[in-house]
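Q: test case, fold it:
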Amino acid sequence: MSKRQIWHAVALLLAGSLTAWGALSGDIDGFVTDPSRALVPGVAITIRNIETGAQRTLVTDDRGHFLATLLPLGEYEVRAELISFRPAVQRILVKSAERASLNLTLAVGNITEQVTVTETAVQLINTTDSQIQISIDQKRIVDLPLAGRNPLSLAG
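A: Here you go, the predicted model:
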């Protein structure tokens, strides 16, 4: 048997095994949108096999698209999550050598914001009386430009 015939046989075996593997698996393809039907990028997608519990995690691309390939046959739970949105969960059946399409819509969730102040502010204005008080250090007084070095001009 020549080298060419050996490579041809190996190629045929690989093609046959890939075809057989493809018959034992399927794909899930879909898009994630918001309530206004705008595509949402950066959504975490978790695909969990209901029977085995095995899961795969991926993220939607800049067009809000996701694709999970070569999934073993069976029923899956697909979960989409993003901050400020409620998770969307849907079940889908993956069949032999088939690409199942699934589009998910994220509903706007509750946004909570918490601000914690760890320092106390210095009170610059006294609100209990009408007096104004300013402290000037010695360096600032020495550096003041005085006409004829007259200290009474400071009062002005």
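
Q: for this structure, what spans make up the strands?
A: 25-33, 44-49, 55-59, 65-72, 74-81, 85-86, 88-94, 99-101, 104-105, 107-108 (DSSP state E).

Q: neighbouring strands for the third one, and are they parallel or not?
A: Translated: strand 55-59. Paired strands of strand 55-59, with direction, are strand 44-49 (antiparallel) (DSSP bridges).

Q: can you count the residues close to L39?
A: Residues within reach of L39, counting by other Cβ atoms under 10 Å, total 15. Placement of C-beta: from N, CA and C, glycine included.

Q: re earlier: in a markdown table: the strands of the chain, plus distance to R140.
A: Putting the strands of the chain into a markdown table (distance: least, Cβ to Cβ, whole Å) gives the following:
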| stretch | distance to R140 |
| --- | --- |
| strand 25-33 | 61 |
| strand 44-49 | 57 |
| strand 55-59 | 58 |
| strand 65-72 | 64 |
| strand 74-81 | 58 |
| strand 85-86 | 56 |
| strand 88-94 | 63 |
| strand 99-101 | 74 |
| strand 104-105 | 64 |
| strand 107-108 | 55 |
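
Q: go through these and name the closest to P145.
A: strand 107-108 (60.9 Å; Cβ to Cβ).

Q: and the strands of the chain as CSV, adding mean neighbour count, mean pLDDT and distance to Q138?
A: Formatted as CSV, those follow (neighbours: other Cβ atoms under 10 Å; pLDDT from 0 to 100; distance: least, Cβ to Cβ, whole Å):
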stretch, mean neighbour count, mean pLDDT, distance to Q138
strand 25-33, 19, 95, 66
strand 44-49, 18, 97, 61
strand 55-59, 12, 96, 62
strand 65-72, 15, 95, 69
strand 74-81, 18, 96, 62
strand 85-86, 16, 92, 60
strand 88-94, 15, 94, 68
strand 99-101, 13, 92, 79
strand 104-105, 18, 96, 69
strand 107-108, 10, 92, 60
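
Q: residues contacting the spatially closest residue to D27 that is not a sequence neighbour?
A: Leaving aside its sequence neighbours, D27 sits nearest to R99 (Cβ to Cβ, 6 or more residues apart in numbering; 4.3 Å). Contacts for R99 (Cβ atoms under 8 Å, 6 or more residues apart in numbering) come out as G26, D27, I28, D29.
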